[in-house]
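J.: Predicted model and sequence follow; I will ask about them next.
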Amino acid sequence: MAQLYFYYSAMNAGKSTSLLQSAYNYQERGMRSVIFTAAIDDRYGLGKVSSRIGLSQPADLFSSQCDLFDNISQKLNDGPIHCILFDESQFLTKLQVKQICRVVDELDIPVLCYGLRTDFLGEPFTGSLYLMSWADKLVELKTICHCGRKANMVVRTDEQGNAVRSGSQIEIGGNDRYVSMCRNHFQQQVGLQD
């Protein structure tokens, strides 16, 4: 019986590396996996999932307008799919999380989602909120703060390296703009908003 998994973390915990390893495990056994990534994240080129350690694979793009259930159903015309993987799953909409729940429940295909739990202000992303609520299995991928404690928050920085305390929830960036921190250091830099 297929299940929906949500692998979540702060930045730099190896989410994309873990996703690529999972896809490789299926492919190594002659099983077909399909990878999706967010169309708005083009840091490493469109239609590609890349890890910081140099691994990459082509991926289908999803935007907020995509009907993922229909998209995946159509892909079944090319043969069975043994696993669906989503990188940057925090960018899924509530409706899209419902659609991938249908993929698991109606098409009996396991779905593995990898994404951030919260944004730079400590607020949940929509996709993450519903994945945390509806996934069959939650798996935390851990990274560490500069102090050595578990980092579960993300700080956005400006060009001078100062913490940003306001702005759009979605601003694509990597190590140049985001730093993973423990809650204590996040509080010192940004503070949890009311």
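T.: That came through, no problem. The shown structure was predicted, so the numbers you read here are calculated from the model rather than taken from an experiment. Numbers count the residues shown, from 1 in each chain.
J.: From the centre of this protein, point out the most distant residue.
T.: Most distant residue from the mean C-alpha position of the chain: Gln160, 27.3 Å away (Cα atoms, centre = their mean).
J.: Which element, helix or strand, includes that one?
T.: For Gln160, there is no helix or strand it lies in under DSSP states H and E.
J.: who touches Leu55 in this structure?
T.: Neighbour list for Leu55: Ser16, Thr17, Leu20 [criterion: Cβ atoms under 8 Å, 6 or more residues apart in numbering]. Placement of C-beta: from N, CA and C, glycine included.
J.: Same check on Ala13?
T.: Counting by Cβ under 8 Å, 6+ apart, the residues that Ala13 touches are Leu141, Lys142, Thr143, Ala151, Ser180.
J.: Could you report the distance from it to Gly161?
T.: Distance check for Ala13 against Gly161: by Cβ to Cβ, to the nearest Å, it reads 21 Å.
J.: Same check on Gln27?
T.: Distance from Gln27 to Gly161, by Cβ to Cβ: 40 Å.
J.: ok so, going back, closest one of the contacts of Leu55 to Leu129?
T.: Ranking the contacts of Leu55 by separation from Leu129, with Cβ to Cβ as the measure, puts Ser16 on top at 21.1 Å.
J.: Tell me the confidence at that closest one?
T.: For Ser16, the pLDDT comes out at 85.
J.: I'd say it and Lys48 touch.
T.: No - at 10.2 Å, Ser16 does not count as touching Lys48 under the criterion of Cβ atoms under 8 Å.
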